[in-house]
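Visitor: Sequence first, predicted coordinates after that:
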Amino acid sequence: MSATLVFGGARSGKSAFAERLARESGQEVVYIATSRAGDGEMAARIALHREQRPHEWRTVEEELALAQTLRTECLPGRLVLVDCLTLWLSNLMFCDGREYPEVGALTLPDRFHEERAALLDLLDAGLPGDVVFVSNEVGMGIVPWGAISRSFADEAGRLNQAVAARVDRAVLVAAGLPLVLKGSLC
C-alpha cells in the first residue's frame, strides 16, 4: 500500500496534481467524490469535475462513510483518489442538521468523531491498495470570524496533520507546483 496526501489552497492545482498521480500510476482508478451539491453553484462544479475525469475511472460518491468506502474500494492493483477530505469534514460537521452559534463553544456531532477516528484507524491498519487524498490547507490566512468557521479551520488542520503523519508521502501544491514535504515522488 502507498498512501499520499496532496494538499494546498483553493485553486492551487492540488486536484489536478492528484489526478496526474492517479493517471500515471498505471492502475485501475476509483475516484471517491465527497462533495455534496447543496446549491446550484456546487452542482455545476460537480458536473464539471465529472465531465473532466477520464471516462475509464469509476466514481463513487460518498459524503460521510469514507473509511467504510475505502475498505470496499481500496484493493491491490487499484488506486483510490479521494477528493476531498475538507469537504468530507464539513459534511460531517453538518451531518445532523444542527445550527451552530456564532460565538462560544461548539459540540460537533458524534458521527464526526466516529468517522474521523475510523479513517485514522484504517490508515494505521493499512490498506491493500494505493490511495491519494486531496485536502485543502485552510490555516495559512487570517483567523476566521465566527465559531463554526474557526472550528472548521482547526479541525481541517488537525485532520491534515493526522493524515500526513500516517501516509507515506505528503505533497503541498501551490500555484500548480508540487513541493514534496514527506517521501518522494518516485
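Guide: That came through, no problem. Numbering: from 1, shown residues only.

Visitor: what are the phi and psi angles of the closest residue to Ala3 other than its chain neighbours?
Guide: Nearest residue to Ala3 in three dimensions, chain neighbours excluded: Val167, at 4.0 Å (Cβ to Cβ, 6 or more residues apart in numbering). For glycine as for every other residue, the C-beta is placed from the backbone atoms N, C-alpha and C. When read as degrees, to the nearest 10, the backbone of Val167 gives phi -90, psi 170.

Visitor: so Val167 touches Phe133, yeah?
Guide: Yes - judged on Cβ atoms under 8 Å, Val167 makes contact with Phe133 at a distance of 7.3 Å.

Visitor: hmm, back to that, run through the residues that contact the residue nearest to Ala3.
Guide: Residues near Val167 by Cβ atoms under 8 Å, 6 or more residues apart in numbering: 3-5, 123, 133, 182-183.

Visitor: Name the residues of the helix or strand encompassing Val6 that are buried.
Guide: In this assignment (DSSP states H and E), Val6 forms part of strand 3-8. Buried residues in strand 3-8, counted by 16 or more other Cβ atoms under 10 Å: 3-8.

Visitor: Check stretch 31-48 too.
Guide: 31-36.

Visitor: Give me the helices and strands touching the strand holding Val6, please.
Guide: Contacts defined by 3 or more Cβ pairs under 8 Å, 6 or more residues apart in numbering; DSSP states H and E place strand 3-8 against helix 14-24, strand 130-136, helix 147-166, strand 169-174.

Visitor: can you count the residues close to Ala118?
Guide: 16 (other Cβ atoms under 10 Å).

Visitor: Could I get the average pLDDT for stretch 49-64?
Guide: Taken as a whole, stretch 49-64 has an average pLDDT of 92.
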